[in-house]
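S.K.: Got a sequence here, can you build the structure:
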Amino acid sequence: RPLVSNARMEQQVLVCLQVFAQPTGNPQEFPQAEATLNSLQSQPGFGITIARIALSNQLQLEVRQLAALVLKRFIAAHWSKTANEFVEPIVGDEEKQMLRQALPSGLDCEHRKIRTAVGLAISSIARWDFPEAWPTLLQELLQRIQSNVPHSVHGALRCFDLLVDDITDQHLPQIAPVMYPQILGMLSSQGYSDRMLMRAVSIWKSLTKLIGNVYLEQPGAKELLVPHIDHSLAQFVRIIALPMPLDHDCALKMECVQACSCLCEHFPLLLKRRITEVLGPIWTSLVQGLTVYRDHCVAGNGISARSVDTDGSIISFDVYILALLNFVETLSNAGKFRKLLKSVLPQIFHTLLGYMQITNEQMESWARDINTYVQDEEEETFSWNVRISCQSVMQCMLNDFGVTAGKALLSAITELAQESSAQMQTVPHWWKSLEACIVALGSSADDLLSAKKTLAPVFNFQQFAESLIRVASQAGELPFLFGRIVWCGAQLVEALDDNTTTQFFQAMVAGLSHPSLVVRICCVKSLNLCKKVGSELIAPHAPRIFESLCSMAQQADEDTLHLMMDGLTVIVKAVPQQAAASEEQLTAFILQTWGLYHSDPLLVATIMDLFAALASAPGVLPQLQTRLTTALLPFITNPDAHAPGVSEAAFDILLSAMAPKGHSEPLAAGTYAPAITQQFFPVAVQQMLASQDDSIIQSATECLRKFIFFYPDAVASSTIGGEPAGAGVLRRAALLLLLEK
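M.R.: The predicted model follows:
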């Protein structure tokens, strides 16, 4: 049936879409255009109209793409009353049928973005209508896949990929028996591009994952996959084993490795009988890839060959290596392959340490922005790259194999560190292998030191640390190595004698003034050395350390600031007398930082810890409270004049400085600032009595609880509005207790 629409409505819709599509569009016109589109959506025939625009070859591409996206939103809102996003009115049955008949033709469009947008609309409809109201959908998609017309094949595969993400286990009996043979037929054929095959394997992976998620409740679901396992693995292995030139697109190989990981995660027993066949080419790719990685990424300028898939994700050699590493980690997590992995732990750790070397691209990136270095090298980082993935696999092996893995790791570290040192005079990047060993040792220190006695026959932590001190004396021009040596010493401090600990501490203090920010950041991460050395050793350097940390913080973002604040807290606790002498400088700096980042709850919590430590320094409390009251009282007195959450944060900061940490008795007069009771206390009472904001009431009430505990005499003698402050507080407390919430 031809797709018809209301000509007047079509013109109105086109005018609205063109407002958004014009590169030089006027933002002031956007609200009216959006309101008009929303109004038209409630009229019969809107779906037909917007689909006609999306499918028209005569219109501007940007307008068609916008129309397809509006259509998807329209379907989500008006197609089914059971949808979470449903808004009246519902699309009529006749209009639904016309859309189901017309939309598949959009998958043949020459423009990729239109095919994808139409695929999104089809998958949204199929979620509700397939197979009952749309029994022909699968056949329509399969015909396009089998047509050998590139645009149609891509459009149908993209639609299938989106469809599989939207379907439920109820759709599996219709889709799986059709798609598994079709995908395997494509992999066996020579008529499809690698990108088409990549999309097909992605569909295979999504179907398998869905079956894996439901087969325990629906045992029959597994039988949809089992007949195709052998053929699937044979094709995946064949593709993974193909040679890969540096300029080759590795997207298909990566997808095949991920499919094997998916099978290992959800159906390890199905994979187990063919694991040797599968692991062979994957391990070969990982080992051969290491040579390429060393030559081109660690020693060279990287591998330029990279592409972008239809989702916008970058696919490169690094991403392929990540897929290989993830397969090894998935094997270990599965539990069925521990015996196999245990026999090759030495080779695994050698390979991981090789891939952990810093690349030249990373060095350039970190040199441009030190905050990137902090983010990438943080233990709980949200970044992800080959180096971080190797550390994840390493930790997985230590968790799964315990001391056996520890011995294998330490043996690999010893061997590679010796090789690296032997190349010092001949290989320019000799230090990168040693740096990788140091990072591996330091990041695994907790696990390794807990088994120190058992590991003693294969590794001497004291001797290795002494060798690092010797290397550090020659590594001043290698900031990444020097910084990591100091950091590693801090991680191993429990296993070191006092003399070696002192040497690392001295290197750390010197490093805090190093020209390289990388070295300074590593030294900040090493401040836990102060917990081991005596305060008499730290005290002479405390002013210099405080100054270095405050100076670095001026160039820092949130992640780096956390390091600075944590470092300051360590030093304040280690040498409270010296902290007291620098209280004015420290308080000014911390308040300035709070003013910039008061909306960051994690940083505010770190600042509270720092103020609590500072409040415990001898003789500091009165002047600290005076400064905090002066700085923070305006935020508490008039919360509405500031951004949401600022007043509560100010309450919390003052709360951290009510008394020395751990103090469990009322404070004597003269040991605290009069401003805290004369200025802050009345405002806290007023906010508790008058505020309608739950968060402010809670913060004020917590402060009042501390006031009553630490300053009972001052509270008892206070009056607010002509009556005892305690009476007002009790009255408000009684009212709050009566509220239902």
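S.K.: residues of the helix or strand where Gln462 lies that come out buried?
M.R.: For Gln462, the element it lies in under DSSP states H and E is helix 461-472. The neighbour-count check on helix 461-472 (16 or more other C-beta atoms under 10 Å) flags Phe461, Phe464, Ala465, Ser467, Leu468, Ile469, Val471, Ala472 as buried. C-betas here are computed from N, CA, C, even on glycine.
S.K.: Other residues contacting it?
M.R.: Helix 461-472 is contacted from outside by 414, 417, 421, 434, 438, 441, 448-449, 452, 481-482, 485-486, 488-489, 492, 495-497, 500, 503-504, 507, using C-beta atoms under 8 Å, 6 or more residues apart in numbering.
S.K.: How many residues are close by Lys81?
M.R.: Per other C-beta atoms under 10 Å, the neighbour tally for Lys81 reads 10.
S.K.: ok, now which ones touch it?
M.R.: Taking C-beta under 8 Å, 6+ apart, we find Lys81 in contact with Ile90.
S.K.: And Ser188, by the same measure?
M.R.: Gln235 are the contacts of Ser188 under C-beta under 8 Å, 6+ apart.
S.K.: Mind pulling up the pLDDT for it?
M.R.: pLDDT for Ser188: 93.
S.K.: From Asn460, how far off is it?
M.R.: Counting by C-beta to C-beta, to the nearest Å, the gap from Ser188 to Asn460 is 56 Å.
S.K.: longest helix of the protein?
M.R.: helix 386-422 (DSSP state H).
S.K.: between that helix and helix 461-472, how many degrees?
M.R.: For helix 386-422 against helix 461-472, the angle by axes from the mean of the first three to the mean of the last three C-alpha atoms, to 10 degrees is 80 degrees.
S.K.: quick one: the strands in this structure?
M.R.: Per DSSP state E, the chain carries strands over the ranges 306-308, 314-316, 719-720, 723-724.
S.K.: Dump the C-alpha coordinates for the helix holding Gln462 into CSV.
M.R.: Output of helix 461-472 as CSV, limited to C-alpha atoms (Å, rounded to 0.1, in the frame of the first residue of the first chain):
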residue,chain,number,x,y,z
PHE,A,461,62.1,-7.8,48.3
GLN,A,462,64.9,-6.1,50.2
GLN,A,463,67.6,-6.8,47.6
PHE,A,464,65.3,-5.8,44.7
ALA,A,465,64.5,-2.5,46.5
GLU,A,466,68.2,-1.8,47.0
SER,A,467,68.8,-2.4,43.3
LEU,A,468,66.1,0.1,42.5
ILE,A,469,67.8,2.7,44.7
ARG,A,470,70.9,2.2,42.6
VAL,A,471,69.0,2.6,39.4
ALA,A,472,67.3,5.7,40.7
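S.K.: Can you tell me what sits against stretch 287-295?
M.R.: Leu246, Ile303, Phe317, Tyr320, Ile321, Leu324, Thr351, Gly354, Tyr355, Gln357, Val386.
S.K.: Just the buried residues from the residues you listed, in ChimeraX please.
M.R.: Buried residues among the contacts of stretch 287-295 (16+ other C-beta under 10 Å), as a ChimeraX selection:
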select :303,317,320,321,324,351,354,355,357,386
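S.K.: which stretches of the chain have low pLDDT?
M.R.: 1-5, 25, 245-247, 304-315, 379-382, 721, 728, 732, 735-736, 738-741 (pLDDT under 70).
S.K.: can you name the farthest residue from the center of it?
M.R.: Distance from the C-alpha centroid of the chain peaks at Gly722, with 54.9 Å (C-alpha atoms, centre = their mean).
S.K.: any idea how far that one is from Gln174?
M.R.: When distance is defined by C-beta to C-beta, Gly722 is 79 Å away from Gln174.
S.K.: What segments of the stretch 201-350 of the chain are helices?
M.R.: With DSSP state H, counting those that start in this stretch as the definition, the stretch 201-350 of the chain shows helices at residue ranges 229-240, 251-266, 268-272, 275-293, 317-334, 338-342, 345-355.
S.K.: Any buried residues in the fifth one, and which?
M.R.: By neighbour count on 16+ other C-beta under 10 Å, the buried set for helix 317-334 is 317-332, 334.
S.K.: The longest one too?
M.R.: Within helix 275-293, the residues that qualify as buried by neighbour count (16+ other C-beta under 10 Å) are Ile275, Val278, Leu279, Pro281, Ile282, Trp283, Ser285, Leu286, Gly289, Leu290, Tyr293.
S.K.: Make JSON lines out of these and add distance to Ser516.
M.R.: As requested, the buried residues of helix 275-293 are exported to JSON lines (distance: C-beta to C-beta, whole Å):
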{"residue": "Ile275", "distance to Ser516": "46"}
{"residue": "Val278", "distance to Ser516": "45"}
{"residue": "Leu279", "distance to Ser516": "42"}
{"residue": "Pro281", "distance to Ser516": "42"}
{"residue": "Ile282", "distance to Ser516": "39"}
{"residue": "Trp283", "distance to Ser516": "38"}
{"residue": "Ser285", "distance to Ser516": "36"}
{"residue": "Leu286", "distance to Ser516": "33"}
{"residue": "Gly289", "distance to Ser516": "31"}
{"residue": "Leu290", "distance to Ser516": "28"}
{"residue": "Tyr293", "distance to Ser516": "25"}
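S.K.: between the residues you listed, which is closest to Pro346?
M.R.: Of all those, Pro346 sits closest to Trp283, with 13.5 Å by C-beta to C-beta.
S.K.: any idea how far Pro219 is from Gly595?
M.R.: Computed with C-beta to C-beta, the distance linking Pro219 and Gly595 is 61 Å.
S.K.: Between the two, which has more neighbouring residues?
M.R.: Neighbours of Pro219 and Gly595, each counted by other C-beta under 10 Å, are more numerous for Gly595; the result is 12 against 9.
S.K.: ok, that one to Ala657 distance?
M.R.: Taking C-beta to C-beta as the measure, Gly595 falls 17 Å from Ala657.
S.K.: Ok, Ala334 next?
M.R.: 51 Å.
S.K.: before we move on, what about Thr372?
M.R.: From Thr372 across to Ala657, the span is 34 Å (C-beta to C-beta).
S.K.: Of those two, which one has the most company?
M.R.: Neighbour totals were compared for Thr372 and Ala657, and Ala657 leads with 26 against 17 (other C-beta under 10 Å).
S.K.: contacting residues for that one?
M.R.: Contacts of Ala657 by C-beta under 8 Å, 6+ apart are Phe611, Ala612, Leu614, Ala615, Leu621, Leu624, Gln625, Leu628.
S.K.: Adding neighbour count, write these out as JSON lines.
M.R.: Shown next, in JSON lines, are the contacts of Ala657 (neighbours: other C-beta atoms under 10 Å):
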{"residue": "Phe611", "neighbour count": "26"}
{"residue": "Ala612", "neighbour count": "21"}
{"residue": "Leu614", "neighbour count": "27"}
{"residue": "Ala615", "neighbour count": "22"}
{"residue": "Leu621", "neighbour count": "24"}
{"residue": "Leu624", "neighbour count": "23"}
{"residue": "Gln625", "neighbour count": "22"}
{"residue": "Leu628", "neighbour count": "24"}
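S.K.: Could I get those in a markdown table, plus columns for distance to Gln585?
M.R.: Shown next, in a markdown table, are those (distance: C-beta to C-beta, whole Å):
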| residue | distance to Gln585 |
| --- | --- |
| Phe611 | 14 |
| Ala612 | 18 |
| Leu614 | 11 |
| Ala615 | 16 |
| Leu621 | 17 |
| Leu624 | 12 |
| Gln625 | 17 |
| Leu628 | 15 |
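S.K.: Inside helices: which ones of the residues you listed?
M.R.: Phe611, Ala612, Leu614, Ala615, Leu621, Leu624, Gln625, Leu628.
S.K.: Cool, thanks, signing off.
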